[in-house]
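J.: sequence first, predicted coordinates after that:
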Amino acid sequence: MQQLLSHVSVYVNEKVYLKNPETSDLGFRILEGSIDLIHEMGFEKFTFRKLAKKINSTEATIYRYFESKHKLLLYLISWYWGWLEYKLVFGLANIDSPEKKLERAIVVLTEQVVEDGSFSHINEVKLNKIMITESSKGYLTRDVDSENRDGIFIIYKQLVKRVSDIILEINPDYEYSHMLVSTMMEGAHLQRYFAEHLPHLTDVIAGEDSTVAFYKELVFKAIKN
């Protein structure tokens, strides 16, 4: 998979940025530096001034790529979902059974993220931590409806639909497939956060990835015909 991923790029809606950061070395540094800083200090304390200092550039230069730190966050969120979609597509490529496809999809979407090294400017582990703590700030905003009309969340919706379609292969009469998949994806983030910071709100079982195991059980029981 790493070799395949190294030959592809992750699509992000062009309305998120003013200049595609993946077209220049400076753009790569903006993405890498922003992931480091947001992971380190949180989105509220993150500023373009701090980013400019970290990458030895200027605020004005960063504003040529992104009109606001909110749009930069949307870029990172979109990139992450696009990256997961690539992993899912390649992970399901040689599986025929819809049950096996669903089981594999649940693993891809809920497992502990490790750095795959295919994108040198993106630390997927740090970006996953950002998704866990900051991704809801990308859409719990007053502008969510207009941004949705602009197609900014289309990658997230495509990912949900891919797994929803697998569920409907197994049980065409199941009425809540999109709800189930989005609940799984968002809930997995919460369970990872609880396990690290509020362990009494989750279940950590030695010898297994409890988050993956839980969502396998939940999804398959929910859609049982």
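T.: Everything's here; your move.
J.: how about the helices in the protein?
T.: If DSSP state H is used as the criterion, the helices of the chain fall at 2-5, 25-41, 48-54, 59-63, 69-92, 98-110, 124-134, 144-149, 154-170, 177-197, 210-222.
J.: contacting residues around the residue located most distally from the centre of the chain?
T.: Most distant residue from the mean C-alpha position of the chain: residue 225, 30.3 Å away (C-alpha atoms, centre = their mean). Contacts for residue 225 (C-beta atoms under 8 Å, 6 or more residues apart in numbering) come out as 170-171, 173. Backbone N, C-alpha and C define where each C-beta goes, glycine included.
J.: looking at the residues you listed, spot the one nearest residue 14.
T.: For the contacts of residue 225, the residue nearest residue 14 by C-beta to C-beta is residue 170; the value is 36.0 Å.
J.: the bottom helix or strand of this protein by mean pLDDT?
T.: Scoring the helices and strands of the chain by mean pLDDT, DSSP states H and E places helix 2-5 at the bottom, with a mean of 46.
J.: neighbour-wise, which one of the contacts of residue 225 leads?
T.: Neighbour counts for the contacts of residue 225, by other C-beta atoms under 10 Å, peak at residue 170, which reaches 18 neighbours.
J.: which residues touch it?
T.: 98-99, 102, 223, 225.
J.: lowest-confidence one in the residues you listed?
T.: On pLDDT alone, residue 225 ranks lowest of the contacts of residue 170, at 73.
J.: so where's the protein uncertain?
T.: Low-confidence segments of the chain, defined by pLDDT under 70: 1-8.
J.: flag every buried residue along stretch 52-67.
T.: 52, 54-55, 57, 62, 65-66 (16 or more other C-beta atoms under 10 Å).
J.: quick one: contacts of it?
T.: Here stretch 52-67 makes contact (C-beta under 8 Å, 6+ apart) with 16-19, 21, 26-27, 29-30, 32-33, 36-37, 48-49, 51, 72, 75.
J.: quick one on the thing from earlier: of the contacts of residue 170, closest to residue 87?
T.: Closest to residue 87, out of all of the contacts of residue 170 and judged by C-beta to C-beta, is residue 102, at 15.3 Å.
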